[in-house]
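K.L.:
sequence first, predicted coordinates after that:
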Amino acid sequence: MMNPAETWNWIRKRCKKEWKLAFLSTFLTGMLIHMPIMLRDIPNHDGLASMYFDQNMITSGRWFLTVACGVSSYYTLPWLIGLLSMLYLGIAGILLVEFLEVRQGWAVAVIGGLLAAFPSLASTFAYVFTMDGYMLAVLLAVLAVLLTKKVRLGFLPGALCLACSLGIYQSYLPFAVLLCMYGVYMIGASDGIVGEKVRKCLNYVYMGGLGLAFYYGILQVLLRVQGKELASYQGISGMGSAPGKGLLQTVLYMYRDFLAFTLKGNIFMNNLFAWGAMALLGVCVLAVLVHLCGQKGWWKSLWFFAVAAVTAVGLPLAMNLILVISPDVTYHLLMRYQWVLLPICMVAAVSRHSQRLPWAAWLGFLCGVVLTFNYGVMDQIAYSNLEKKYEKTYAYCIRLLDRIEQTEGYYQGIPIAMIGVVGDRSYPATDITGDVTAGMIGLGGDSLLYTGANYQAFIQNYLGATLNILPPEAMEEMYYSEAYREMESFPGADSIRVMDGVMYIKTENRE
């Protein structure tokens, strides 16, 4: 048995240089870009209620999330969670480079940078209490396809990895599916016997089918053990059923959404730099295809054009597969990390032929750097606004709490009925980042406050006072009354009233 030093040397000698570069480029880029959020305790609206959260989200289908997040404890510890997240993502970078068979150092570094900089990660960091679990889900999704490719009968352990990834967050299924598609293309472009190629391609199908079966089977067992049912949140209760809109309407919506987010979502291609970089990457990939067609005579084969057509038709469906699993989902940026694979796979394809097309390699490298820098700048803008949201919320709540405590009739524990929004007349919008952060969930806007529970959590956790804020249903009758209409919005003099033993606070602008 080897001692720790011998084990370390054994591992170090067997690590390929591209593995080391993949880890370092992903980890270091991630640390540099996301350090602002890791060094501060800046919650978003969901984070206010998740200072400690056991992550038992089985009613949302996330049966493995509590295990994945348990490593960092269930407290919101941004620095520790961030370190673990970048560690998981760095390992995922190694697995991704190995799966894509990228050997050129420039391409490895670019892939690591893109993986760590894509704005989906910034939005995920806004929900930092689940960040490490979600990055572990990404790692498991990549590991699933790599095991399927590299190991005999690897689709079996790959299916288990995919099931655990889905058990953390179902939205990373398209990530694995896109890699499977690329793996099939690599098999088709290689030399070999047709029957052997078909067998290798089917392994991805087996892995995906078994992975979904494992995930759903384990979910049903655990739901019965805990005596729970799937919640309606994000349409998860409809998982496994036919889309409510009908299959045709769902498919059409998937295409529309793919085009809208890719071309007009202001995330993937948000300015002229990103548009130019993606366009030039497309030119590089086209040059590679022309080169391969000339070298292998693909242009003479109907199969080549059939595969191209299937790709054009199937890519939007694969990217938006989550819309089939949860038909009524609110499809936000956390669920769109798979878009980063588009430039990554383009860079990988160019790098495999960089010796014959050196100009394409240079162009691919420069475009990858531009995209990484551009995404990193977006992340910094978003983090800057999140910090300002917190500061404005802090100042607002100090004023509100002081007024509450000075109101005649107030006592500790008095029932309080209030709406969560902040009036935009007394407190006009000051967020200047809307053009950048509008699509970055959790990072845009002016305030962290949307519900009475948000006020309660923020004032308790950051101001050290406890308010007895009533649930929304207790407010319904008063909300539509004439007395409430006549009240001024905070900070108006008549914005807080005590009536029949209940303190009513009007924060919104409502006539």
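P.N.:
Received, thanks.
K.L.:
Provide a list of residues in contact with Val110.
P.N.:
By C-beta atoms under 8 Å, 6 or more residues apart in numbering, the contact set of Val110 is 25, 347, 364-365, 368-369, 372. Quick note: C-beta positions are derived from backbone N, CA and C, even for glycine.
K.L.:
can you list the weak-confidence ranges in the stretch 301-450 of the chain?
P.N.:
Of all residues in the stretch 301-450 of the chain, those with pLDDT under 70 make up the ranges 327.
K.L.:
now with 90?
P.N.:
In the prediction, the stretch 301-450 of the chain carries residues with pLDDT under 90 at positions 301-313, 322-331, 352-357, 417-431, 434-435, 442, 445-450.
K.L.:
do the stretch 51-200 of the chain as well
P.N.:
In the prediction, the stretch 51-200 of the chain carries residues with pLDDT under 90 at positions 51, 55, 60, 185-198.
K.L.:
re the thing from before, ok, of the contacts of Val110, which one's closest to Trp303?
P.N.:
Proximity to Trp303 was ranked across the contacts of Val110 by C-beta to C-beta; first place goes to Val347, at 25.6 Å.
K.L.:
helix, strand, or coil at that closest one?
P.N.:
Reducing the assignment to helix, strand or coil with DSSP: H, G, I helix; E, B strand; the rest coil, the entry for Val347 is helix.
K.L.:
these two touch, right, it and Val369?
P.N.:
No - because the distance of 10.5 Å does not satisfy C-beta atoms under 8 Å, Val347 is recorded as not touching Val369.
K.L.:
compare neighbour counts for these two and give me the winner.
P.N.:
For Val347 versus Val369, the count of surrounding residues by other C-beta atoms under 10 Å is larger for Val347: 28 against 16.
K.L.:
and that one, what does it touch?
P.N.:
By C-beta under 8 Å, 6+ apart, the contact list for Val347 reads 102, 107, 110-111, 114, 281, 364, 367-368.
K.L.:
what does Phe129 give?
P.N.:
The neighbours of Phe129, taking C-beta under 8 Å, 6+ apart as the test, are 46-47, 50, 53, 55, 69, 76, 81.
K.L.:
ok, now how distant is it from Thr76?
P.N.:
The gap separating Phe129 from Thr76 is 5 Å, by C-beta to C-beta, to the nearest Å.
K.L.:
intersection of neighbour lists for these two?
P.N.:
Taking C-beta under 8 Å, 6+ apart as the criterion, Phe129 and Thr76 both touch 47, 50, 53.
K.L.:
which of those residues has the largest number of neighbours?
P.N.:
Top of the shared contacts of Phe129 and Thr76 by neighbour number is Gly47, holding 22 neighbours under the definition other C-beta under 10 Å.
K.L.:
just the strands from the stretch 401-511 of the chain, written as ranges.
P.N.:
When assigned using DSSP state E, counting those that start in this stretch, the strands of the stretch 401-511 of the chain occupy the ranges 415-418, 468-469, 496-499, 502-505.
K.L.:
tell me what the last one is packed against?
P.N.:
Applying 3 or more C-beta pairs under 8 Å, 6 or more residues apart in numbering; DSSP states H and E, one finds that strand 502-505 makes contact with helix 358-406, strand 415-418, strand 496-499.
K.L.:
same question, the first one
P.N.:
If you count contacts as 3+ C-beta pairs under 8 Å, 6+ apart, strand 415-418 packs onto helix 452-462, strand 468-469, strand 502-505.
K.L.:
need the ones you listed in CSV with mean pLDDT and mean neighbour count, can you?
P.N.:
Formatted as CSV, those follow (pLDDT from 0 to 100; neighbours: other C-beta atoms under 10 Å):
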stretch, mean pLDDT, mean neighbour count
helix 452-462, 90, 20
strand 468-469, 91, 18
strand 502-505, 90, 21
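K.L.:
include distance to Leu173 when you put these into CSV, please.
P.N.:
As requested, the helices and strands packed on strand 415-418 are arranged in CSV below (distance: least, C-beta to C-beta, whole Å):
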stretch, distance to Leu173
helix 452-462, 31
strand 468-469, 38
strand 502-505, 43
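K.L.:
and Arg152, which of those is closest to it?
P.N.:
When the helices and strands packed on strand 415-418 are compared by C-beta to C-beta, helix 452-462 sits nearest Arg152, at 51.6 Å.
K.L.:
quick one: contacts of the closest one?
P.N.:
With C-beta under 8 Å, 6+ apart as the criterion, helix 452-462 contacts 43, 45, 48-49, 51, 393-394, 397, 400-401, 416-420, 448-449, 465-467, 469-472, 475.
K.L.:
name only those of the residues you listed that count as buried.
P.N.:
With neighbours counted using 16 or more other C-beta atoms under 10 Å, the contacts of helix 452-462 contain these buried positions: 43, 45, 48-49, 393, 397, 400-401, 416-420, 448-449, 467, 469-470, 475.
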